[in-house]
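# Just a sequence and a predicted model for now, questions to come.
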Amino acid sequence: MKQELVNNDITVIGGGLAGVCAAIAAARLGQKVALVQNRPVLGGNSSSEVRVWVCGATAHGTNRYARETGIMGELFVENQYRNPEGNPYLWDLVVLEAVKAEANITLYLNTDVHEVQAEGREDDRRITAVVGWMMGSERRITFKSNVYLDCTGDGLIGFLAGAKFSLGREARSEYNEEWAPEVADGITLGSTILFYTKDAGVPVNFVPPSFAKDISETSIPLRRVIRSGDSGCHYWWIEWGGEHDTVHDNEMIRDELWSVIYGIWDYIKNSGKFGAENMTLEWVGSLPGKREYRRFIGDYVLNQNDIIAQREFTDAVAFGGWSIDLHPPQGMYAEASGSKHMHADGVYHIPFRSLYSANVRNMLMAGRDISASHVAFGTTRVMATCAVIGEAAGTGAALSSRLGITPRELHERHLAELRQTLLRQDASVIGLRSSDEADLARRARVSASSVQTALELAQPGEACRLLHDVAVLFPADPGISGFDLLLDAEQAAEVTVELWDTGRGENYVPHTLQARAAAPAEAGQRQWVAFDLQWQPENPQNAFVIIKANPAVSLYHSLEPHSGVLAFFKDEQPQVSKDLEDHSTDQLVVLWKMKGQARRPFCFRLGSPTAAFAADKAVNGYHRPYGGPQQWMSEPMKDGRAEWLQLDWDSEQTFGEIHLTFNDDVNEDLVNLHHHRTAFAIIPELVRNYRVEALGAGGVWTEIAAGTGNRKRKAVHLLPEPVQARSLRVIIESTNGSRHAELIEIRAYGSAQ
């Protein structure tokens, strides 16, 4: 056997999305990283081996402006462009190429780490090495580093190192959680195997294997949704093993899941109930996708109350938004619905103290094994949330390694640096503003060629009858003085509107009623009706205006979307069968939905100008929507005219690095595989062609950086030579479809960051 020793700054064990993002984050901060994965592909449960949708804070469109940025956001946007059909193998390539693009990462596939060398007392352990066996190569590799990240999902590394952990459900009394059982037990969420089907175009027979289960003798046909043509994650509910040990009983669980998959397919093909004569099985998974096993204990254990209250942690480094999503212990055989969901009013925050071990001083964790109660884990476990946790943990690992300190010491002494580093890298820390003193743009005067000051959507498309309450959300910056709606009225009618705030900058639901107005509408079509709606909030924030149901009235959807503007529909009937999912309609994000109308707001106009898109929004420290769009937007670009944003200083500055963050509409829900397909390959609001110019001493503008064919949210330009100037400007020549030039943030640094 070949023995090898590998020394790096950081070792990441586990190549799911948490491990991938952790490794990339650390590598981009200059650390040498070993990424060790025990499978032949990266991506974990999202890979072609398992094929689970990458879900996250958007919760399939439930939460607004909630799509992840940072590394996970890059993967989403790149996959949308390269793989709109949702091919699992192309998704594998997107993830693999993101890792291979980082020179500081050495990737070890097919390498199973099952030995850990650690030292110290029980309450103060330290990992000194981990040892992996590279299958197929007969290589025994010892990995040594300053910091280790357990991104294995099952938590094997920390377990072998002696890290404190939980397994199963805590008692209700431990964290005072409503959804926890009265008595603690060892029950977890179960595992799932998926399958794909396709229409062969000709009749196809299916002879079930001898081990296929006759599901007609089970409760499955009565309690779960079975349809011909569904496949993949539509069958997430094929779940079992929660009453067993999902690791040590993995093979037994796999065999049971296989028996049910082939039994379901036998039922679809041969029962005569589904018209599936031409359907065939295209793929059946061989690896159970595990949901839950060990959860490590950190300096803080995230719990249900933190999630629902959207607790604001001083050490928040990541966010989530999926509902608390728990499944019955019996899985697919349960008489209860396949899942029950508790939603917060918006996204929630994840503290750094939940990402490092309480007793293994040089170990962080990311993914489903973070420090969270079983109930809170019900939301943090989804993969896009695991990915942003991975980026935060990888960033913390990089800073800890560079500074020669433990993650706990990083929290105690360098927390601000950690959070500001995450912002600079475009990772999302909701509500946190940049305070980066090295960013020269924060001290500049900002101007622009034009600013969109009129909030008016006046190009009508399809009419929408007011059979139920609907709403429109838009920024109140600085306030609202008059509100007009474009509508049809079959007969004379009175229309009533209510103006609500949203309570918090990260929320997009009605919270407190601020104003109400009614106005008469004459019988007729496409008339503007004015409402005396007045509101002057102390601070700029979003307004949630509800238009009350009136069957005699129809509103118009706008033909064109508008950043910062959303439409909502009041939906008192969940769209999913209660046999499959249980979502209570007293939860506001369930009650107010967009129903597929994310880019089709209603036609309206404000009676006063808005400052929500002012030029200085590009340097105000926010880098995603929060209480408003937080970006510069130009007036419509006409006749090929370029738009620009300019920074001016009183004295000459030296520039070595420019950061530009463009609008990739984080309200757009993107999914890596086969959930849905957007109407465009590139987010239309993204800037396509641009250049950056500096004003030299002779009063001449000189190009110092440029981008052509851009389809990414963040561009970092490292200048080959330092540039000295008193003014910079970004000239936006074209977009990928929007009529407006839009820029979320510009940063300028004197040297490489």
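Alright, I've got the coordinates. Numbers count the residues shown, from 1 in each chain.
# For the stretch 151-300 of the chain, which segments count as strands?
For the stretch 151-300 of the chain, applying DSSP state E, counting those that start in this stretch gives strands covering 165-166, 191-192, 195-199, 239-240, 279-284, 295-296.
# Contacts for the fifth one, please.
The reference is to strand 279-284. Applying Cβ atoms under 8 Å, 6 or more residues apart in numbering, the external contacts of strand 279-284 come out as 51, 193, 195-200, 204, 206, 228-229, 231, 258, 261-262, 265, 268-269. The C-beta positions use only the backbone N, C-alpha and C, and glycine is treated the same way.
# And the buried ones among those, selectable in ChimeraX?
Buried residues within the contacts of strand 279-284, by 16 or more other Cβ atoms under 10 Å, are selected in ChimeraX with:
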select :51,193,195,196,197,228,231,258,261,262,265,268,269
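# Select from the contacts of strand 279-284 every entry located in helices.
Using DSSP state H, the members of those that fall within helices are W258, I261, Y262, W265, I268, K269.
# pretty sure the second one is touching I238, no?
Meaning I261. Yes: with contact defined as Cβ atoms under 8 Å, I261 reaches I238; the gap is 6.3 Å.
# where do the contact lists of those two overlap?
By Cβ under 8 Å, 6+ apart, I261 and I238 have these common neighbours: I193.
# With adjacent residues omitted, what lies nearest to R368?
R381 (4.4 Å; Cβ to Cβ, 6 or more residues apart in numbering).
# ok, the one you found - contacts?
Applying Cβ under 8 Å, 6+ apart to R381 gives the contacts L189, R291, E292, R368.
# mind checking how far it is from D571?
Distance of R381 to D571, given as Cβ to Cβ, to the nearest Å: 26 Å.
# OK, contacts around the residue lying closest to L670 once chain neighbours are set aside?
For L670, ignoring the flanking residues on the chain, the nearest one in space by Cβ to Cβ, 6+ apart is F76 at 4.3 Å. Counting by Cβ under 8 Å, 6+ apart, F76 makes contact with V54, R67, E68, A384, L670, N672.
# I'd like to know how many residues surround the fifth one.
When you say that, I think you mean L670. Residues contacting L670 under the criterion other Cβ atoms under 10 Å number 23.
# Isn't it up against V77?
Yes: taking contacts as Cβ under 8 Å, L670 lies within contact range of V77: 7.1 Å.
# residues contacting the residue nearest to G346 when sequence neighbours are not counted?
Counting by Cβ to Cβ, 6+ apart, N507 is the residue found nearest to G346 once chain neighbours are left out, at 3.8 Å. Taking Cβ under 8 Å, 6+ apart, we find N507 in contact with Q310, D345, G346.
# tell me, how many neighbours does P537 end up with?
When counting by other Cβ under 10 Å, one arrives at 16 neighbours for P537.
# who's in contact with it?
A476, P478, G479, D501, Q514.
# Which one (most neighbours) among these?
Top of the contacts of P537 by neighbour count (other Cβ under 10 Å): A476, with 27 neighbours.
# Name the nearest residue to it, ignoring sequence neighbours.
A543 (4.3 Å).
# show me what contacts that neighbour?
L473, F474, P475, A476, I480, L499, W500, D501, Q514, W535.
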